[in-house]
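>>> pasting the sequence and the predicted coordinates here, then a few questions.
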Number of protein chains: 2
Amino acid sequence: MKLKSVGLTETKYFKIEGELKLDSGQKLKDVIIAYETYGQLNKEKNNAILVCHALSGDAHAAGWHTGDSKPGWWDMFIGPGKALDTNRFFIICSNVLGGCSGTTGPSSINPETGKEYGLDFPFITIKDMIHAQKKLVDSFKIKYLHCVIGGSMGGMQVLQWAVEYPEFVKKIVPIATTARTSPQQIAFNEVARQSIIKDPNWNGGNYYSTKGPEAGLSVARMIAHITYLSEEALYEKFGRDLQDKKELSYNFDPIPDFQVESYLHHQGESFVRRFDANTYLIVTKAIDYFDLSKNDSLREGFKSLKAKTQLISIESDWLYPSIQSLDILKALQANGVEAHFSEIKSSKGHDAFFIEFPQLNYVISRFLADNVVADIMIRSFSTLNENASLKDAAKIMVEEHLTHIPVVKDKKLIGIVTSWDLSKSIASNCDDLKQIMTKDVQYCKADDSIGEVAIKMKKNDISCLPVVTDDLKVEGLISTDQLSHLVSNY
Amino acid sequence: MKLKSVGLTETKYFKIEGELKLDSGQKLKDVIIAYETYGQLNKEKNNAILVCHALSGDAHAAGWHTGDSKPGWWDMFIGPGKALDTNRFFIICSNVLGGCSGTTGPSSINPETGKEYGLDFPFITIKDMIHAQKKLVDSFKIKYLHCVIGGSMGGMQVLQWAVEYPEFVKKIVPIATTARTSPQQIAFNEVARQSIIKDPNWNGGNYYSTKGPEAGLSVARMIAHITYLSEEALYEKFGRDLQDKKELSYNFDPIPDFQVESYLHHQGESFVRRFDANTYLIVTKAIDYFDLSKNDSLREGFKSLKAKTQLISIESDWLYPSIQSLDILKALQANGVEAHFSEIKSSKGHDAFFIEFPQLNYVISRFLADNVVADIMIRSFSTLNENASLKDAAKIMVEEHLTHIPVVKDKKLIGIVTSWDLSKSIASNCDDLKQIMTKDVQYCKADDSIGEVAIKMKKNDISCLPVVTDDLKVEGLISTDQLSHLVSNY
């Protein structure tokens, strides 16, 4: 399958009507959510996947903005034929509450003062972020989210979604994340914040008409950037190679001695151009506050969670080490939730979730892929009512390329007629559908696992099963054709 | 054995006459080295141990300064009966060149301008630091250093000593260190430096009559401090416990939310009171420049090194991980150097070398302990000349509690007379020393290993050996008494 880009995209804006009540007790009015979508929402409105971004991300997850030299931050995963396949899924990504890329945040205008919020912007939490996202998702009249996925702070939102809206989230993929921010993570965030706050140009958060705390913010970003890479990755990338010089300089040149220093300078400088310091403060506090445990128990904290879960960590990630994903796994499994764990083999460190395409793609595709009947069943097909003739059946088979047609009465399954039944009717000179059809029908449910259904079909030597609801209404068909197509994907 | 303090100590000052030529090609005049010593230099001047301090250390390694609430930074290791036993060793510790605790550094007065050096202070290297230390050590007319020991940047100096002065250093103990600063270590140092340099109060290094870059220096220290502790240590120390509050504050209170934040603030603030920002810049550059490899080979870089080596790393140290000590071990062993490696089991991270007293004490004591004859031989004893009488021999035996007396001619060993010989003379009625004494004497050398000598004594059923120089001059005695005392120490 050819991997394609979603092409040109643009950020759209959704206004949350009324007030958004926050964890802190404060309220925000006139909240705007910047978002992008890729792919089409199906008519059942159940193929939506929400992508949650990390600390410095934005709504532009895939495709290209006119004039940009780089695509969206997760472009390699989102598009036709990619892990988040836009041929199949409707992808939504929004900038978090408190952000600085279109969603209401400290740099937005406070409707009450007509000036930027600055530090008047209320503290927000990861829960506040997903409450805002829920308003956006609801605006599409989405039935439920097929999946919520994201790395780092994105992974925190993923977990919070599944805890907060257990019936609304079918699958989650929390990547390189934690269920409770560790003291080391808090420590790094606090040093970054201090670097901003101690910059005189921060000016108590009121800098929107002045220079702003560029020095402090760039140092904050440099600190964070070191934590995103493994020691090994730094060796591989730079070693002790010098930057544009052949010998150590023995001075504090503007061009630093080592490449790794120059790289960090560049990271700091480019961040300052695109990120708001107050957002950095507010959003890192949201990360620090994040703790899904209850009474010091993750198991208790996850009690409501039902979503099928694929945890992913990165071997060399020392900021969000694998052990933190394993803690989540244990808690979920103790609660009887279907939870899987994969560790990405990579020397790149935390940032590997932006990099290790093949492994992540494999794990995510497999997890999102068709593993319940609903994922692959045929949804548009004809049925016969009990009074139909064998000729009607034959016609449908030819026209719709079917070999099996459910027979229904008041939309409920009462039998099935197959192409083999047609042969039988010719051989026996009987053209009464009700006599010919199979009455003792095998069927399955939409949420049956594909593996079990495949076993059932093999055992009973059946090549097609009707998919029925609890009250026997036919909602789909699944055949060995669909099952064999699956195999071709792997 | 009771562990005792070295008691009250004070920092002394040594002036290096003339100029000190630096790696950078620059020179420093009138360099002052601040130092302390503990214990007594023996008359052979071969019992000196040099202790090298880490980035923020000073000369005050042990004992108490009048009025202080804390002893020196390695007090637990230095003192009577401790690993660096002042009953036996003469311990020297000096503040590094470029430092800010008494040794000439950026905050010292430049004799050429009459003002503080500031950024006019030349770049220095680890090699420059040990060159300066060598001048100090030489001032004591020390024959050779029994051992050089230190952790982190101290460990770098230790390695540099052994490479630079292979004949002058008998043993080294590099702790939690590296032979070449890694890109991750450089990265953390550079972010710390940027934090200082970007502080407007740094003012290009000229701040000695103004406020100084307190904000930048405190952030620098906070960054570094995180790297000194393991993730686990932070969990153990703080977890997610709040600081003087029962609930999250949802604001940027002066009192931060979490204990770990408050701890970092405290570390930053107290560092600012005792450390000079320009020294931080200069000394971290010395660390970054440190690379003992030659042609990318540590083995080649260590070619000159002869010192018996005890490497120590700390299991949970992610700043100077064990692999970096193992790289040194491999290079030394490939060169045929006697090198040992011990990993301290600790969850405390890099700073464990200030903390894990019992394990470190065990490893260091065992390594420093007597393992060549010179370490334990009796140095003051009488000899007999060839014309002495048996009665002289008997007298000495009684007075000096000896059973073996070497007989010398022109100070050279020609025989040995034992208490058993005396019995023999009485039994045989012969009182001619020369006839009675053993002429075919077994002996050993001062640098023979104790193990080998013990085997020799056992094999030849001898309870005492004279220790001789290459030209057979007697310089000591070693008996099974001394050997058995060793056993009692373990």
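Sure, I can see it.
>>> drop to CA atoms for contacts and neighbour counts, all remaining ones
Will do.
>>> would you put the C-alpha positions of the strand or helix carrying A:R366 in PDB?
Per DSSP states H and E: A:R366 is located in helix A:357-368. Output in PDB follows, covering the C-alpha atoms of helix A:357-368 (Å, rounded to 0.1, in the frame of the first residue of the first chain):
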ATOM      1  CA  PHE A 357       8.400   5.100  12.400                       C
ATOM      2  CA  PRO A 358       8.600   1.400  11.400                       C
ATOM      3  CA  GLN A 359       8.300  -0.100  14.900                       C
ATOM      4  CA  LEU A 360       5.600   2.400  16.100                       C
ATOM      5  CA  ASN A 361       3.700   2.000  12.900                       C
ATOM      6  CA  TYR A 362       3.700  -1.800  13.300                       C
ATOM      7  CA  VAL A 363       2.500  -1.700  16.900                       C
ATOM      8  CA  ILE A 364      -0.100   1.000  16.300                       C
ATOM      9  CA  SER A 365      -1.400  -0.500  13.000                       C
ATOM     10  CA  ARG A 366      -1.800  -3.900  14.500                       C
ATOM     11  CA  PHE A 367      -3.600  -2.500  17.500                       C
ATOM     12  CA  LEU A 368      -5.900  -0.300  15.500                       C
END
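>>> list the contacts of that helix.
Applying C-alpha atoms under 8 Å, 6 or more residues apart in numbering or on different chains, the contact partners of helix A:357-368 are A:M76, A:F77, A:K82, A:A83, A:L84, A:C147, A:K171, A:V173, A:Q310, A:S342, A:I344, A:F353.
>>> now do 10 Å
A:49, A:74, A:76-77, A:81-85, A:146-147, A:149, A:171-173, A:175, A:308-314, A:340-346, A:352-354, A:369, A:375, A:489-490 (C-alpha atoms under 10 Å, 6 or more residues apart in numbering or on different chains).
>>> restricted to strands, list those residues.
Residues of these located in strands (DSSP state E): A:49, A:84-85, A:146-147, A:149, A:171-173, A:175, A:308-314, A:340-344.
>>> restrict these to contacts with chain B.
With C-alpha under 10 Å from any C-alpha of the partner chain as the criterion, the ones in strands among the contacts of helix A:357-368 include none near chain B.
>>> poorly predicted segments of the stretch 301-450 of chain A, please.
Scanning the stretch 301-450 of chain A for pLDDT under 70 picks out the ranges A:370.
>>> what residues does it put near chain B?
A:W318, A:L319.
>>> what about A:T383, how many residues nearby?
By other C-alpha atoms under 10 Å in any protein chain shown, 20 other residues sit near A:T383.
>>> contacting residues around it?
Contacts of A:T383 by C-alpha under 10 Å, 6+ apart are A:393, A:396, A:404-409, A:411, A:413, A:416-417, A:474.
>>> go with 8 Å
By C-alpha under 8 Å, 6+ apart, the contact set of A:T383 is A:I405, A:P406, A:V407, A:V408.
>>> list only buried entries from those residues.
Buried members of the contacts of A:T383, counted by 16 or more other C-alpha atoms under 10 Å in any protein chain shown: A:I405, A:P406, A:V407, A:V408.
>>> dump those to TSV, plus secondary structure and distance to A:S24.
As requested, the buried ones among the contacts of A:T383 are arranged in TSV below (DSSP: H, G, I helix; E, B strand; the rest coil; distance: C-alpha to C-alpha, whole Å):
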residue	secondary structure	distance to A:S24
A:I405	strand	57
A:P406	strand	55
A:V407	strand	57
A:V408	strand	55
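>>> okay, these in TSV with distance to B:N206 next?
TSV is the format used below for the buried ones among the contacts of A:T383 (distance: C-alpha to C-alpha, whole Å):
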residue	distance to B:N206
A:I405	88
A:P406	88
A:V407	91
A:V408	90
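>>> which of these lies closest to A:K424?
A:I405 (15.3 Å; C-alpha to C-alpha).
>>> list the contacts for that closest one?
A:S382, A:T383, A:L384, A:A393, A:M397, A:I416, A:V417, A:T418.
>>> and the second one, how far from chain B?
Computed as C-alpha to the nearest C-alpha, to the nearest Å, the A:T383 to chain B distance reads 59 Å.
>>> now the last one
For A:T418, the distance to chain B equals 64 Å [C-alpha to the nearest C-alpha].
>>> got phi/psi on the spatially closest residue to that residue that is not a sequence neighbour?
Closest residue to A:T418 apart from its sequence neighbours, by C-alpha to C-alpha, 6 or more residues apart in numbering or on different chains: A:H404 at 4.4 Å. Backbone geometry at A:H404, expressed as degrees, to the nearest 10, gives phi -130, psi 130.
>>> just checking, A:H404 touches A:D421?
No: using C-alpha atoms under 8 Å as the test, A:H404 is too far from A:D421 to be in contact (9.4 Å).
>>> who has more neighbours, these two?
A:H404 (24 against 19).
>>> tell me the spacing between that one and B:V163.
84 Å (C-alpha to C-alpha, to the nearest Å).
>>> try A:N295
56 Å.
>>> what of A:Q435?
98 Å.
>>> and the residue most central in space within chain A, bridged to which residues?
Centroid check for chain A by C-alpha atoms, centre = their mean gives A:I149 as the closest residue, at 2.1 Å. Listed by DSSP bridges, the beta-bridge partners for A:I149 are A:V51, A:V173.
>>> correct me if wrong: it contacts A:A54.
No: the pair A:I149 / A:A54 is not scored as a contact, 11.0 Å apart, by C-alpha under 8 Å.
>>> quickly list what's touching both of the two.
A:G155.
>>> what sits against whatever residue of the stretch 1-150 of chain A ends up closest to chain B?
Closest contact between the stretch 1-150 of chain A and chain B, by C-alpha to the nearest C-alpha, is at A:F123 (5.4 Å). With contact taken as C-alpha under 8 Å, 6+ apart, A:F123 is in contact with A:S24, A:I282, A:K285, A:A286, B:Y250, B:N251.
>>> assign the last one to helix, strand or coil.
Looking back up the chat, that one is B:N251. Of the three states, B:N251 takes coil under DSSP: H, G, I helix; E, B strand; the rest coil.
>>> give the contact list for it.
Contact analysis of B:N251 by C-alpha under 8 Å, 6+ apart lists A:F123.
>>> and it, how far from A:A286?
With C-alpha to C-alpha as the criterion, B:N251 and A:A286 are 11 Å apart.
>>> pLDDT at the residue of the stretch 1-150 of chain A closest to chain B, what is it?
Looking at A:F123, its pLDDT is 97.
>>> how's chain A carved up into domains?
A:12-180+A:279-372, A:181-278, A:375-489 (automatic domain parsing).
>>> of all those, which one is nearest B:G18?
Distance to B:G18, taken as C-alpha to C-alpha, is lowest for domain A:181-278 among those, at 22.5 Å.
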